[in-house]
Structure formats: structure tokens, C-alpha cells
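> I'll drop the sequence and a predicted model, then ask my questions.
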Amino acid sequence: MNFVVKTVLTFGTFDLFHFGHLRILQRARELGDSLVVGVSSDALNFSKKGKYPIFSEEHRLAIVSEIKGVDRVFVEESLEKKREYILSQKADLLVMGDDWKGKFDDLSDVCEVVYLERTPALSTTEYKNIIKNIIDSF
């Protein structure tokens, strides 16, 4: 009996891990048999946003690796290496949040690409703003 494992690959920063992060990982996992997660490096986050995450990449890797359903994690060092990551991880499906809709369609020649709707009203940036406002009010 031959059993083919469908590998799903997704990426994220996963800073200040929250329910929205959990939901996208759960939903990605439901689309396959194995879930691999690329956690953005501190340097990649700085290059994208001009600031570092609250939690270090080491801590974010540790958190994501302990989530039920996540089979493997690795450090994502560059947005331009998505094709390389898909091939090295033997991914059948790339799952991204719909805030990236259309940006990775060119990768459909090496795997299926799916964009999942974000969990409404949940954003790490918004949580950071709420925390900052609470601190500023004291």
C-alpha cells in the first residue's frame, strides 16, 4: 500500500503569538497531512518593517514548534526564497494569509497556492498598539 503525504507549507512572523496565528496554522494543517512552518528571521522582519519582533526568532521558533499539528519549523531568511523553500521542504501546497493574495501565484508551477482569509479583528500590530496605549495611559 502506497501512502502519499500531502505537505503544506506556510510562513509567518508569529510575534506575540495569538488566536489568529493559531487559526491559520490549524486551517493550513487541515489542508494536508504534514505542516511545515517557515518562521521569519529577525533580520527579515527588520528588512520588511524597519523594526525587530518583540520575541526573538529562537523563541518564536520554539513556540510554533510546540503547536499541535506543526510537524517541522525552519527559519525563513528571505521572501525571495519562497520557491527554494517549497522545493527543499517538498511542499505540495503553499498557504498564505489573504493579505498576500496574488503575490505568490507565480509559484503555482511547483505547488498549489491557497490564500486563507485572516481571522477578523486580530492583528499583532493592533495588539502592540493596544499595549502601547495602556502603558502610555499610566
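It's in.

> pLDDT weak spots in this structure?
For the chain, the stretches flagged by pLDDT under 70 are 1-4, 120-124, 127-128, 130.

> in it, which spans are helices?
19-29, 42-49, 57-65, 82-88, 124-136 (DSSP state H).

> Of all those helices, which one is nearest G97?
Of all the helices of the chain, helix 19-29 sits nearest to G97, with 6.2 Å by Cβ to Cβ. (Glycine included, C-beta is placed from N, CA and C.)

> quick one: buried residues of stretch 79-96?
Neighbour-count burial for stretch 79-96 flags K82, Y85, I86, Q89, A91, D92, L93, L94, V95, M96 (criterion: 16 or more other Cβ atoms under 10 Å).

> and that stretch, how far out from the chain's middle?
Relative to the chain's own centre, stretch 79-96 is displaced by 12 Å; criterion: Cα atoms, centre = their mean, to the nearest Å.

> go on, stretch 108-125?
9 Å.

> Quick check: buried residues in that stretch?
Within stretch 108-125, the residues scored as buried using 16+ other Cβ under 10 Å are C111, V113, V114, Y115, L116, T119, T124.

> Tabulate the residues you listed in JSON lines, adding columns for distance to L61.
JSON lines is the format used below for these (distance: Cβ to Cβ, whole Å):
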{"residue": "C111", "distance to L61": "23"}
{"residue": "V113", "distance to L61": "24"}
{"residue": "V114", "distance to L61": "24"}
{"residue": "Y115", "distance to L61": "24"}
{"residue": "L116", "distance to L61": "22"}
{"residue": "T119", "distance to L61": "22"}
{"residue": "T124", "distance to L61": "16"}
